[in-house]
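In: Got a sequence here, can you build the structure:
(one chain, ligands or ions: 1)
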Amino acid sequence: MSFLAILAALGLALRILGMFLILLTIAYLLIAFLTGGPYVPLSPAELDAMLYLAKPQEGELWIDLGSGTGWIGARAARHGARSIGYEINPVLVLLNRLRIRLSGLAGRAEVRQANFWFTDLSKADVVSVYLITYRMPKLQRKLAAELKPGSRVLSVQFPLPDWKPAGKLNNVYLYVVPDKRCQGSTYST
Ligand SMILES: C[S@@+](CC[C@H](N)C(=O)[O-])C[C@H]1O[C@@H](n2cnc3c(N)ncnc32)[C@H](O)[C@@H]1O
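Out: Residues are numbered from 1 along each chain as shown. Sure, this is the predicted structure:
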């Protein structure tokens, strides 16, 4: 094979690889926007606010919906909670697992590659989310149907449309599921 033929074959291979990567990116963005939102990490101030507002207790279960690289779950586990992150993007799940291993949090923090719309939240004491605004009504219905009284919900940037926040700090909304889902409580649906 001549040198020129090798160059042409390489060029073709690179073009195919480029097309594949572009298609993969488009597919990921489509999935992210349709399911819950693309990856955008929260800021350190927002992370601090989450911990301050939720005040996780030893042994509580903290579920992070759309956990990205697992920053929130790791902090929650360091504060004594058991954390489970649900993340749909396999690359982020790998980074999240790496973070758990490197920080020595195995056994206290875990990440599951899953679509969080199909997860059960009934055992959660704290649920954290950073989604996209048009997904909040659907999320609110899921939280209202599944969460137990006393559990806390933290949402970065976007409020739940009909629930009344129990607190807000650095762009993070806190909600507490009331004992009786009735008037005068911190949420109404
Ligand atoms: C705005 S990012 C927040 C990432 C992380 N929680 C943080 O604050 O750094 C939203 C994340 O949710 C993930 N996601 C979106 N829809 C999802 C779904 N249905 N199930 C699981 N993860 C989802 C995205 O892949 C993305 O990593």
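
In: Regarding Leu160, what is its secondary structure?
Out: coil (DSSP: H, G, I helix; E, B strand; the rest coil).

In: nearest spatial neighbour of it, skipping sequence neighbours?
Out: Distances taken as CB to CB, 6 or more residues apart in numbering place Gln140 nearest to Leu160, at 4.5 Å, with adjacent residues excluded. Bear in mind the C-beta positions are built from the backbone N, C-alpha and C, glycine included.

In: count of neighbours near that neighbour?
Out: 20 (other CB atoms under 10 Å).

In: For Lys142, give me its contacts.
Out: Residues near Lys142 by CB atoms under 8 Å, 6 or more residues apart in numbering: Trp117, Leu121.

In: cool, Pro161 as well?
Out: So Pro161 contacts Met136, Pro137, Gln140 (CB under 8 Å, 6+ apart).

In: Sitting in helices, which of the residues you listed do you find?
Out: Judged by DSSP state H, the subset of these located in helices is Met136, Pro137, Gln140.

In: you'd agree the residue nearest to Leu160 is up against Trp163?
Out: Yes - the pair Gln140 / Trp163 is scored as a contact, 6.5 Å apart, by CB atoms under 8 Å.

In: residues of the host helix or strand of Arg101 that come out buried?
Out: In the assignment (DSSP states H and E), Arg101 maps to helix 90-102. Buried positions in helix 90-102, judged by neighbour count with 16 or more other CB atoms under 10 Å: Leu92, Val93, Leu95, Asn96, Arg97, Arg99, Ile100.

In: closest to Ala74 among those residues?
Out: Using CB to CB, Arg99 comes nearest to Ala74 of the buried residues of helix 90-102, at 5.8 Å.
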